[in-house]
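Take a look and give me a structure for this.
(chains A and B, ligands or ions: 1)
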Amino acid sequence: MGEYDVIIIGAGFAGPVAAKKCADAGLRTLMTERSENVGEKVISGLTIPIYGFLFGPSFIRDGNPPIERPVDGIINYIIKDIEQGDMEIDDSLKIPKPFSPVYAFGYNAYCKPFCEWEARKAIEAGAELRTSTVVTDVIMEAGCVQGVITETGEKIRSRIVIDAEGSQGLVALKAGVRKRYPPETISLADVYDYEMPKDRLDEIFGFSLRFCWGWDEQRCAPPLGHGNGLMVWPYRESIHYMHDQCLRMDSANVPNLRKLLSEYHGNITSKLPWWKEDVAPHARLRAHMWEGFEIFVGLNQELRSMPNHTDGMILVGDAAGLESTELCDGVPQAWISADMAADVAIEALKANNTSRSFLSRYDKRIKAHPILQWSMSGTNRFNLRYAQQEHDLAKLRRYVHDGWGLGALAHLSTPLVKTACRHVMANPLILMKWRKMFHRYYFNWHHGRFDYSGAPAGSREGARGRKEDARFRASFRTKQILLAALTPLLWVLAMLSYPLAGTLNPAMKVLLPAIEPVYAAILRITARLAGWLSRRKVSLVVNSDPSLFEV
Amino acid sequence: MGMKGKTARVSEKFPGVEWVEGTGSFITVDTQRCTGCGNCMKVCLADCYEVAGGKARIKGLDLCMECGSCWYVCAEEAIAFTWPKGGTGFRTRWG
Ligand SMILES: Cc1cc2nc3c(=O)[nH]c(=O)nc-3n(C[C@H](O)[C@H](O)[C@H](O)COP(=O)(O)OP(=O)(O)OC[C@H]3O[C@@H](n4cnc5c(N)ncnc54)[C@H](O)[C@@H]3O)c2cc1C
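Residues are numbered from 1 along each chain as shown, chains lettered A, B, ... in the order given. Model (predicted):
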């Protein structure tokens, strides 16, 4: 018997999710974190894609986490000549108005407040947290992990360990569960944070991310040896600029990153037309930092076939190499895997069996999760190198469109619909929760109203506001009741669609060339009406009574 | 930057980041194994390395952001990479 039932290494994005679920199940749970304050060593982009919120832990979906801005699309710039300002735009992946901006593709966030929010939820559920505590090894007895050893030599015992230590994975390496990732799978991301007034940001970026792609001789996007680019994320009153480069190229050549990344940064900020004209006059540099991310681990067969568990220990999130090979998103994967790991830990402790063979069900669940599998096997970003090497514009356009344009529907429709069907089949009422989530998140974002932020609930006063508010409240309730009434039907629909979901990707591949022009035409024709409707919806949401969206 | 806790160093080179003292030498180079290829020096954005006399040497870890790039690119496994002492090293609120 250990002092604890479960010890979780690391309180980043994954750790607190596992900790909260274990604590909720009544297990004696300890989180250990090497930094003094939670989240201050976590560096990211960061757009958390919507599938993390929809299909991840329920306390996040149903809660009020601190988000920086909803995201409704990506504008891709294919830079042909930076000096002349010659570039093509692909902005086909966009949630159309009037759905946007209340309905979003994902939410931008800063790591520190978000991880802190998660950790507080875990603590409220009864988990303990020890900060400034570096775990250096595991206690291995009778061939089974029985707890952790800290840098001071202290042994803390537990019946099971969940390793959420992030991508470097030093403890997992020590325990012999993992290998050091090879440098060609790791990209070093150079991140700049710029402050910008919110009204300028609303006007310039709105709710869209901006990605740039191009030829290396433009010296504006690190080549990765692998074709890559600059990514800009709009936050509430700031933006994140990130460009990245793999640590080793195809040729086994290691690039001089200090020279390269600073040259590119200088070039972009002085030459890229929209940066120079729109961003630079309003942006003030606030921070510059970097971190490696495990971008191509999922494509490495040897690493992929290694188990994510051993006797008494389960690996989650970046420690398990689950980051996406395309968008470099890893937070949804961290949440989903941590949630699964907690389930398996609870089952294992109930069965009093933490053996490798029992814990292997965790790996089976990871392999059976459509989104996890899809996100770590996407090849668009990897293949971009070929367009680059061959200087083939048609190829580059296609990879960009298939990766970060509407072409993505030809590979993400099946996993998304499959996962959605599974959730609806398990609990059809989840549709109401999803709808509430979008509205609540938008409302909270607009009013800066998050848990622990101490900001007052903002709802408009005055007769006209109250009348509109009452109307919205009534219509929101009516729609929720309608949705509830429809759930048996939707449940049947999900049951019927599930076996067919596998055909969606191939069908999209065939149909997209026909659908896309029609879709674009509809967007153009209805733009004004849809814009008006969406402004109206926004004003109704932000003026409504916050209690409407509470769970 | 006004974060609670210990006092920390800042650097004009990299705004928005603080370094809490007392890390210990958490990255070391095994000169027996080092071939002086300079890969660690090329990938370190904090300029922590130099190559002298055919061997890599750590000039200082003052601005290290603990990314591990030097360790990843060392084919000879001459670099031992561990974490700084708990609660020390780099920190930021803008990640
Ligand atoms: C530059 C960059 C941009 C990114 N952009 C996106 C994005 O846009 N969208 C997205 O979804 N994802 C993005 N990611 C990926 C995402 O940040 C990670 O997938 C996510 O943080 C993984 O969560 P985790 O909990 O597994 O690990 P982490 O969040 O890294 O947490 C690990 C925690 O463990 C602690 N720790 C480590 N070792 C020890 C130890 N030995 N003892 C005690 N504590 C320890 C660390 O201090 C840290 O707090 C990006 C990553 C980077 C680097």
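
Let me see the backbone angles for residue 64.
Just so you know, I chose chain A. Main-chain dihedrals, residue A:64, degrees, to the nearest 10: phi -120, psi 70.

Chain B was what I was after
The phi/psi pair for residue B:64 (degrees, to the nearest 10) reads phi -70, psi 130.

Single out the residue in chain B that lies closest to the ligand.
Nearest to the ligand in chain B, going by Cβ to the nearest ligand atom, is residue B:83, at a distance of 5.7 Å. (Each C-beta comes from the backbone N, C-alpha and C, glycine too.)

residues near that residue, how many?
By other Cβ atoms under 10 Å in any protein chain shown, the residues close to residue B:83 number 24.

in the helix ranked longest in chain A, what counts as buried?
Ordering each helix of chain A by length in residues (DSSP state H) puts helix A:504-542 first. Across helix A:504-542, burial judged by 16 or more other Cβ atoms under 10 Å in any protein chain shown covers A:504, A:505, A:508, A:512, A:516, A:530, A:534, A:537, A:538, A:540, A:541, A:542.

circling back to that earlier point, so is the residue of chain B closest to the ligand in a helix, a strand, or just coil?
Taking DSSP: H, G, I helix; E, B strand; the rest coil as the rule, one finds residue B:83 in the coil state.

got the residues of chain B near the ligand?
Neighbours of the ligand within chain B, by Cβ under 6 Å from any ligand atom: residue B:83.

Which strands and helices lie in contact with the longest helix of chain A?
In terms of contacts (3 or more Cβ pairs under 8 Å, 6 or more residues apart in numbering or on different chains; DSSP states H and E), helix A:504-542 is packed against helix A:409-426, helix A:430-447, helix A:463-497.

hmm, 7 Å instead?
helix A:409-426, helix A:430-447 (3 or more Cβ pairs under 7 Å, 6 or more residues apart in numbering or on different chains; DSSP states H and E).

average pLDDT across it?
Averaging pLDDT along helix A:504-542 gives 92.

quick one, it and helix A:409-426 angle?
Angle, helix A:504-542 to helix A:409-426, by axes from the mean of the first three to the mean of the last three Cα atoms, to 10 degrees: 70 degrees.

In contact with residue 23, which residues?
Picking chain A for this. By Cβ atoms under 7 Å, 6 or more residues apart in numbering or on different chains, the contact list for residue A:23 reads A:29, A:122, A:125, A:126, A:127.

not quite, I wanted chain B
Going by Cβ under 7 Å, 6+ apart, residue B:23 touches B:61, B:84, B:85, B:88, B:89.

what about the residue of chain A found nearest chain B, how many residues close to it?
Sorted by distance to chain B under Cβ to the nearest Cβ, the residues of chain A start with residue A:287, at 2.3 Å. By the criterion of other Cβ under 10 Å, residue A:287 has 21 neighbours.

Looking at per-residue confidence, what score does it get?
Looking at residue A:287, its pLDDT stands at 98.

Next SSE downstream of the strand or helix carrying residue A:19?
Per DSSP states H and E: residue A:19 is located in helix A:15-24. Per DSSP H and E, the first helix or strand lying C-terminal to helix A:15-24 is strand A:29-32.

picking that back up, just the closest of the contacts of residue A:23 to the ligand, please.
Comparing the contacts of residue A:23 against the ligand with Cβ to the nearest ligand atom picks out residue A:122 as the nearest, at 12.4 Å.

Tell me the buried residues in the helix or strand encompassing the closest one?
Using DSSP H and E, residue A:122 maps to helix A:111-124. Across helix A:111-124, burial judged by 16+ other Cβ under 10 Å covers A:111-123.

One more: stretch A:49-64?
By neighbour count with 16+ other Cβ under 10 Å, stretch A:49-64 contains the buried residues A:49-57, A:59-61, A:63-64.

What are the contacting residues of it?
For stretch A:49-64, contacts defined as Cβ under 7 Å, 6+ apart pick out A:17, A:20, A:104-106, A:121, A:327, A:329, A:331-332, A:335-336, A:339, A:371, A:416, A:419, A:423, A:433-434, A:437, A:444, A:450-451, A:551.

Quick one: name the residues of the stretch 301-450 of chain A near the ligand.
Residues of the stretch 301-450 of chain A found near the ligand (Cβ under 6 Å from any ligand atom) are A:317, A:318, A:319, A:323, A:328, A:329, A:330, A:331, A:332, A:334.

got the contact list for the third one?
By Cβ under 7 Å, 6+ apart, the contact list for residue A:319 reads A:163, A:164, A:165, A:166, A:169, A:172.

Mind doing that once more with 6 Å?
Under the criterion of Cβ atoms under 6 Å, 6 or more residues apart in numbering or on different chains, the contact list for residue A:319 reads A:163, A:165, A:169, A:172.

Could you do the fourth one as well?
When the contact criterion is Cβ under 6 Å, 6+ apart, the partners of residue A:323 are A:294, A:330.

one step back: report the buried members of the contacts of residue A:23.
A:29, A:122, A:125, A:126, A:127.

List the contacts of the most centrally placed residue in chain B.
Centrality entry for chain B: nearest residue to the mean C-alpha point is residue B:64, 3.3 Å, by Cα atoms, centre = their mean. Neighbouring residues of residue B:64 by Cβ under 6 Å, 6+ apart: B:46, B:48.

measure it to residue A:251 for me?
Residue B:64 is 28 Å from residue A:251, where distance means Cβ to Cβ, to the nearest Å.

Apart from its neighbours in sequence, what residue is nearest residue A:438?
Nearest residue to residue A:438 in three dimensions, chain neighbours excluded: residue A:103, at 5.1 Å (Cβ to Cβ, 6 or more residues apart in numbering or on different chains).

these two touch, right, that neighbour and residue A:441?
No - counting by Cβ atoms under 6 Å, residue A:103 stays clear of residue A:441, with 9.8 Å between them.

more crowded one of these two?
residue A:441 (23 against 20).

Any chance you could note which residues of the stretch 101-250 of chain A sit beside chain B?
A:111, A:112, A:132, A:133, A:134, A:168, A:183, A:186, A:188, A:193, A:247 (Cβ under 6 Å from any Cβ of the partner chain).

Could you list the low-pLDDT ranges of the chain?
Because you didn't say which chain, this covers chain A. Along chain A, the parts satisfying pLDDT under 70 run over A:1-2, A:222-228, A:455-465.

nope, chain B
Short version for chain B, where the test is pLDDT under 70: B:1-5.

Just give the closest residue to the residue of it found nearest chain A, not the sequence neighbours.
Across chain B, the shortest distance to chain A (Cβ to the nearest Cβ) belongs to residue B:16, at 2.3 Å. Leaving aside its chain neighbours, residue B:16 sits nearest to residue A:287 (2.3 Å; criterion: Cβ to Cβ, 6+ apart).

for residue A:132, same thing?
Spatial nearest neighbour of residue A:132, excluding adjacent residues (Cβ to Cβ, 6+ apart): residue B:87 at 3.0 Å.

Next, find the distance separating that neighbour from residue B:21.
Distance from residue B:87 to residue B:21, by Cβ to Cβ: 11 Å.

neighbour-wise, which of those two wins?
Higher neighbour count among residue B:87 and residue B:21: residue B:87, with 21 against 13, using other Cβ under 10 Å.

about what we covered before: from the contacts of stretch A:49-64, keep the buried residues only.
Buried members of the contacts of stretch A:49-64, scored by 16+ other Cβ under 10 Å, are A:17, A:20, A:104-106, A:121, A:327, A:329, A:331-332, A:335-336, A:339, A:371, A:416, A:419, A:423, A:433-434, A:437, A:444, A:450.
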